[in-house]
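Enquirer: One predicted model, sequence on top.
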Amino acid sequence: MRRTPLVSRTISDLSYGQMRGISFRRDSAVWRGTAPFELQFFHPGGGNDLPVRIHLVEDGASAERPFRPGDFRYGDEVQGTDVSVPPEAGYAGFRVLHPLNDPDRMDEVVSFLGASYFRLLGPGQVYGLSSRGIAVDVAQPGGEEFPDFVEFWVRRPEPGDTTLLLHGLLDGPSIAGAYHFRLIPGDPETGRGTLLVVEAHLFARRAIGKLGVAPLTSMYLHGTLRPGGEDDFRPRVHDSQGLLMHTSRDEWIWRPLTNGISLRATALRDVHPVGFGLVQRDRDFAHYLDLETRYDRRPSQWVAPDGAWGGGGVELIEIPTESEFNDNIVAYWAPDGGISPGDPQRYRYRLITFDEQLQDRSVSEDPAEGESEAVEGESMARVVRTRIGWDGLPGQADPPPRSHRRIVVDFTGGPLDRIPASTAVEASVTASSGTLRDVRVLSLPGGGARVTFGLIPEGSIPADLRLFLRVGEAAVSETWSYLWDPENVR
């Protein structure tokens, strides 16, 4: 079932500024003042033109909500423009509100808008990265397919409910899916992030070799590996700064994001992964200096699989961009073998928002569970900074070739805060190609350790680099992982 737009070309062509002039009336919210959650709807237009049917489930009965022009205020931006919408056109999507930050104020927790995209917020956060229902043929020669959420059923919550149940129908040329969502908003008092439990039943119409399960989409312009350009006053511009993965071997892997000159696709292989996510690790406003976008408050998001997902890999797609308005980062689980017609697949997982550190109380589906130890951030030292530059000095009498790289990786936290200063901390560094030289571990002012080493590339061959800290034979840090590609550097 493929949909066609039911709105006029005039509405479809509304600009971003015009769409901002159309706002939902808060007093039109579904269940306003009578339930712990409210629903608001998105007006079609500005490219989001395909109808999304939304059903409200109350007292065991389901009723579709038709489009109502009276739900919206039309500002000066669209005065004189024909924005009439037929009832059958439906809404473009919806948002869910709940007292997320203040018990007396309803805040957005999740929004569903465009294809199979949706975005989550935890306490104190502003919208950044997005999730998707599924990804099909990402970065493949034939082009990517974008299935849509075409229909939703939202159950009315009872007074005092702390969760909201939703059902979604996904449809695309090659795949269809039935989704069950259980939303548990975060709690600012305990630091618990927002949790969305997802169960997806997928049915292929054709063989799909590259299936992306639990995809995350984000933006990285500059900041982690290189500062902003001379025309940008902001040191960092990104919704996420790294990919984090917890493997079945209990290894934590950190891969910094990049913005190169050509598309790059890499994979971290595993069997039955514990989890992965895109992380905005740096929360210091002074490192962003942007009061409008507040990149320091963008959410990190974790994917926690439920059950055995088999073999595959967490794939990371990094697309070149010159604009912060382009989402150029995609991460997802790619199962071996893809999916074939007649072989339906089920995936169940949890999506968790967090700030600096992922807590296992956030992973739980029971919001009443108490405090517990951190899953990520205490037991292992974490990467906080990566820098790569020329392995030489200005004015050096006999400088090395410009292709020689000096790589600096800084770690803080975990055992580094506790071990005696006399303890020998060593670096384990490997490279798939090229030659490593001058590997050193240095103490950072204020605590932590810096690993610095030189890389002499093997011509234009990319070097897959891995680095972790150890005391004796025991690893005391997560694993820094990076693909140095001399042909893909700005």
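Expert: Yes, it's here.
Enquirer: Now tell me which helix or strand of the protein has the poorest mean pLDDT.
Expert: Across the helices and strands of the chain, mean confidence by mean pLDDT, DSSP states H and E is lowest for helix 360-363: a mean of 55.
Enquirer: got the buried residues for the helix or strand following it?
Expert: Using DSSP states H and E, the helix or strand that directly follows helix 360-363 along the chain is strand 382-390. Neighbour-count burial for strand 382-390 flags 382-383, 385-386, 388 (criterion: 16 or more other CB atoms under 10 Å). Heads up, the C-betas are built off the backbone N, CA and C, glycines and all.
Enquirer: ditto for stretch 482-490
Expert: Using 16+ other CB under 10 Å as the test for burial, stretch 482-490 gives 482-486, 488.
Enquirer: Point out the ones among these that are inside helices.
Expert: Among the buried residues of stretch 482-490, no residue falls in helices (DSSP state H).
Enquirer: Quick one: residues in contact with stretch 460-473.
Expert: Taking CB atoms under 8 Å, 6 or more residues apart in numbering as the criterion, the residues outside stretch 460-473 that touch it are 381, 407, 409, 411, 415-416, 419, 423-434, 441, 449, 451, 453, 455, 457, 475-488.
Enquirer: Could you rerun that using 7 Å?
Expert: Residues external to stretch 460-473 that are found in contact with it (CB atoms under 7 Å, 6 or more residues apart in numbering): 381, 409, 411, 419, 423, 425-434, 449, 451, 455, 457, 475-487.
Enquirer: and the residue of the chain positioned farthest from its centre, what helix or strand is that in?
Expert: Outermost residue of the chain with respect to the C-alpha centroid, by CA atoms, centre = their mean, is residue 397; its distance is 46.4 Å. For residue 397, there is no helix or strand it lies in under DSSP H and E.
Enquirer: what's the answer for the one 5 residues further on, then?
Expert: Taking DSSP H and E as the criterion, residue 402 maps to no regular element, lying outside all helices and strands.
Enquirer: My read is that it contacts residue 389, right?
Expert: No. In this structure, residue 402 is not within contact of residue 389 by CB atoms under 7 Å, at 10.3 Å.
Enquirer: how's the protein carved up into domains?
Expert: The record's domain split for the chain, according to automatic domain parsing, is 92-363, 382-484.
Enquirer: right, and these - which one's nearest residue 81?
Expert: Set against residue 81 and scored by CB to CB, the domains of the chain come closest in domain 92-363, at 16.9 Å.
Enquirer: mind checking the SS state of residue 316?
Expert: Per DSSP: H, G, I helix; E, B strand; the rest coil, the secondary structure class of residue 316 is strand.
Enquirer: so who does it touch?
Expert: Each residue near residue 316 by CB under 7 Å, 6+ apart is listed here: 243, 255, 266, 331.
Enquirer: how about the residues you listed in JSON lines, adding distance to residue 24?
Expert: Rendered in JSON lines, the data for the contacts of residue 316 read as follows (distance: CB to CB, whole Å):
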{"residue": "243", "distance to residue 24": "35"}
{"residue": "255", "distance to residue 24": "39"}
{"residue": "266", "distance to residue 24": "41"}
{"residue": "331", "distance to residue 24": "31"}
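Enquirer: Which ones among the residues you listed map onto strands?
Expert: Where the contacts of residue 316 overlap with strands, as defined by DSSP state E, the overlap consists of 243, 255, 266, 331.
Enquirer: Closest one to residue 93 out of those, please.
Expert: When the ones in strands among the contacts of residue 316 are compared for distance to residue 93 (CB to CB), residue 331 wins out at 22.9 Å.
Enquirer: What distance do you get for residue 260 to residue 143?
Expert: Taken as CB to CB, to the nearest Å, the spacing of residue 260 relative to residue 143 amounts to 21 Å.
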